[in-house]
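Asks: my questions concern the predicted model and sequence given below.
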Amino acid sequence: MGQVAAIIGGGVIGGGWAARFLLMGWDVRVFDPDTEAERKIGEVIANARRSLPGLSDVALPPEGALSFHDTMSDAVAGAVWIQESVPERLELKRKVYQTVQEHCDPAAVIASSTSGFKPSELQGCATRPEQIVVAHPFNPVYLLPLVELVPTDKNPVVFVQQAKDILTDIGMYPLHVRAEIDAHIADRFLEAVWREALWLIKDGIATTEEIDNAIRYGFGLRWAQMGLFETYRIAGGEAGMRHFIEQFGPCLEWPWTKLMDVPELTDDLIDQVAGQSDAQSGHLSIRELERARDNNLVTILRGLKTQDWGAGALLKAHDARLTGQIALPDDLTQPIVTVERVVPLDWTDYNGHMNEAKYLQAFGDATDRMMWLVGCDTDYIASGSSFFTAETHIRHLDEVHAGAMIRVETQVLQGEGKKMHLFHRMFEGDRELATGEHFLLHVSLETRRACDPDDRVAVPLGRVAAAHAALPRPDGAGAAVGVR
């Protein structure tokens, strides 16, 4: 059995936490008195299974076990992490902690998803206040990496580090909020934008859709990858942040904002906002909106990952942790698994299956992995040599869709002198989806001409080729287009 996380409260946020832990290999135990909790959480987890694995270019850990429990005492038994996501009522949360602490491991982390309460308020009346922190995430928890971790001076340093390590291990970014403040950090920004937006609607300046367009087509995209201050630093040009402040600082004294004057949420204003929002998005169900959101986030985050920037850099580092050390397997008598991953949402085309270009990407990744396995790694390439692909032939044998776990098995058909001849077979389970045959030449990066590799590559490549020579020649090897 893997590590255990207990989820107390299975609403939108609790369900997101359950999905995050579950898909990162943890066993998840849920307590929620709602008779619909199992259905609701099941739907959230289904969305997570569809989208989260596509953020990674390596296989996630095997999914943990999910269970639902009638009592909090049963749910927290054996839990290393206990996430409380009950309604925002302080007396209710304190009552939950009293029950939890009667039955949980004293070393377990008890974390609250609260967006408003400070940890010192939550720790009041607790048997072991040092066990309770705020871990405030953002929806959807299973895709967005940020979690605001807010401790107090009652939480030991080693305990806070333990919480950080666990959050990092499940692919999140723990933002350590060093001093308590109402609404922590991120929600204070959201509240400011929300208040200003309400005034723009109330004063008839903009509709809900126009405000959303201003964000998602403009600064929202900049903020998604650089945040606030790095964005403004660029706005300052070559002179940087100081120039930006000198140029735009006086604007702070202009009467642009109404943030200090909050509009009263009258029935008329509520009706106005709700009506405009219905007109904007009412034709879509909540699940359709969630899936559109997930599609967009996966696409943005994967794009950021290719640039090793912002939240994408976090994903790339998490992939590296999941991948571990790259080395040839001990058993070379069988084809080598060079790719094992889920087909992400942005790999599908208008026919609903994997785009043909992505077959090439998957086989290209398999070739890259084989190069690394035989010693053609970063250091080797930096020394002045590499492999260039001279010819590729792909056969598409069956369909594959987003969310499918694919595996590429690679056989070395030739590995001597300047030549490396690879045959890749792609599977979903036992079903063969495609084959990719790649012929590569070893090249000097200085002369850009073919040359023999040195022993760092020649020896391990020759060893694999010799072992694979005993394997049957794969079906389709050497075939031309249309020839059977």
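Replies: Ah, there it is.
Asks: lowest average confidence, helix or strand, in this structure?
Replies: helix 240-248 (a mean of 77; mean pLDDT, DSSP states H and E).
Asks: in the protein, which helix is the longest?
Replies: Ranked by number of residues, the top helix in the chain under DSSP state H is helix 286-306.
Asks: and the lengthiest strand in the chain, what does it pack onto?
Replies: Counting residues, the longest strand found in the chain (DSSP state E) is strand 431-444. The contact analysis (3 or more Cβ pairs under 8 Å, 6 or more residues apart in numbering; DSSP states H and E) places strand 431-444 against helix 356-373, strand 385-396, strand 419-428. Just so you know, the C-beta spots here come from the backbone N, C-alpha and C atoms, and that holds for glycine as well.
Asks: could you dump it to PDB, C-alpha only?
Replies: The C-alpha trace of strand 431-444 is given here as PDB (Å, rounded to 0.1, in the frame of the first residue of the first chain):
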ATOM      1  CA  ARG A 431      -3.000  -3.600 -29.100                       C
ATOM      2  CA  GLU A 432      -0.400  -2.500 -31.600                       C
ATOM      3  CA  LEU A 433      -1.100   1.000 -32.800                       C
ATOM      4  CA  ALA A 434       1.800   2.000 -35.100                       C
ATOM      5  CA  THR A 435       5.300   1.200 -36.100                       C
ATOM      6  CA  GLY A 436       8.100   3.700 -36.800                       C
ATOM      7  CA  GLU A 437      11.400   2.800 -38.600                       C
ATOM      8  CA  HIS A 438      14.200   5.300 -38.200                       C
ATOM      9  CA  PHE A 439      17.600   5.200 -39.800                       C
ATOM     10  CA  LEU A 440      20.200   7.500 -38.300                       C
ATOM     11  CA  LEU A 441      23.800   8.500 -39.100                       C
ATOM     12  CA  HIS A 442      26.400   9.500 -36.600                       C
ATOM     13  CA  VAL A 443      27.600  13.000 -37.400                       C
ATOM     14  CA  SER A 444      30.400  15.300 -36.400                       C
END
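Asks: so where do the helices sit in the stretch 151-300 of the chain?
Replies: 157-169, 186-202, 208-214, 220-226, 229-235, 240-248, 267-281, 286-306 (DSSP state H, counting those that start in this stretch).
Asks: by mean pLDDT, show me the worst of these.
Replies: Mean pLDDT per stretch puts helix 240-248 lowest among the helices of the stretch 151-300 of the chain, at a mean of 77.
Asks: which elements pack onto the longest helix of the chain?
Replies: When contacts are defined as 3+ Cβ pairs under 8 Å, 6+ apart, helix 286-306 sits against helix 37-51, helix 220-226, helix 310-323.
Asks: neighbouring contacts of the first one?
Replies: With contacts defined as Cβ atoms under 8 Å, 6 or more residues apart in numbering, helix 37-51 is touched by 10-12, 14-16, 18-20, 22-23, 30, 32, 34, 66, 68, 140, 142-143, 287, 290-291, 294-295, 297-298, 345, 402-403.
Asks: next one: the host helix or strand of I406 to chain centre, how far?
Replies: Assigned by DSSP states H and E, I406 belongs to strand 405-416. Relative to its parent chain, strand 405-416 has a centroid offset of 28 Å by Cα atoms, centre = their mean, to the nearest Å.
Asks: and if you look at stretch 217-232?
Replies: 19 Å.
Asks: now the end-to-end length of it.
Replies: 17 Å (Cα to Cα, to the nearest Å).
Asks: swap in stretch 50-60?
Replies: 13 Å.
Asks: narrow the contacts of helix 37-51 to those in strands?
Replies: Taking DSSP E as the definition of strands, the contacts of helix 37-51 contribute V30, L66, F68.
Asks: could you redo those as JSON lines and give each row distance to S444?
Replies: Shown next, in JSON lines, are the ones in strands among the contacts of helix 37-51 (distance: Cβ to Cβ, whole Å):
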{"residue": "V30", "distance to S444": "59"}
{"residue": "L66", "distance to S444": "54"}
{"residue": "F68", "distance to S444": "62"}
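Asks: so which of those residues wins on neighbours?
Replies: Highest neighbour count within the ones in strands among the contacts of helix 37-51: V30, with 23 neighbours (other Cβ atoms under 10 Å).
Asks: you'd agree it is up against M72?
Replies: No: contact criterion Cβ atoms under 8 Å: V30 and M72 do not qualify, at 10.5 Å.
Asks: so how far is Q307 from L314?
Replies: Here the distance between L314 and Q307 works out to 13 Å (Cβ to Cβ, to the nearest Å).
Asks: buried residues, the least confident helix or strand of the chain. List them.
Replies: F244 (16 or more other Cβ atoms under 10 Å).
Asks: re the thing from before, dump the helices and strands packed on helix 286-306 to CSV, plus mean neighbour count.
Replies: Formatted as CSV, the helices and strands packed on helix 286-306 follow (neighbours: other Cβ atoms under 10 Å):
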stretch, mean neighbour count
helix 37-51, 18
helix 220-226, 15
helix 310-323, 17
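Asks: want to throw those into CSV with distance to R128?
Replies: Listed next are the helices and strands packed on helix 286-306 as CSV, based on distance: least, Cβ to Cβ, whole Å:
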stretch, distance to R128
helix 37-51, 27
helix 220-226, 39
helix 310-323, 31
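Asks: and A466, which of these is closest to it?
Replies: helix 310-323 (26.8 Å; Cβ to Cβ).
Asks: for the closest one, list the C-alpha coordinates in PDB.
Replies: Extracted in PDB, the C-alpha atoms of helix 310-323 (Å, rounded to 0.1, in the frame of the first residue of the first chain):
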ATOM      1  CA  GLY A 310       6.800  29.700 -15.500                       C
ATOM      2  CA  ALA A 311       4.500  26.800 -14.400                       C
ATOM      3  CA  GLY A 312       5.900  24.800 -17.300                       C
ATOM      4  CA  ALA A 313       9.300  24.700 -15.700                       C
ATOM      5  CA  LEU A 314       7.700  23.100 -12.600                       C
ATOM      6  CA  LEU A 315       6.100  20.400 -14.900                       C
ATOM      7  CA  LYS A 316       9.500  19.800 -16.600                       C
ATOM      8  CA  ALA A 317      11.200  19.400 -13.200                       C
ATOM      9  CA  HIS A 318       8.400  17.000 -12.000                       C
ATOM     10  CA  ASP A 319       8.800  14.900 -15.200                       C
ATOM     11  CA  ALA A 320      12.600  14.700 -14.400                       C
ATOM     12  CA  ARG A 321      11.800  13.400 -10.900                       C
ATOM     13  CA  LEU A 322       9.400  10.800 -12.300                       C
ATOM     14  CA  THR A 323      11.800   9.700 -14.900                       C
END
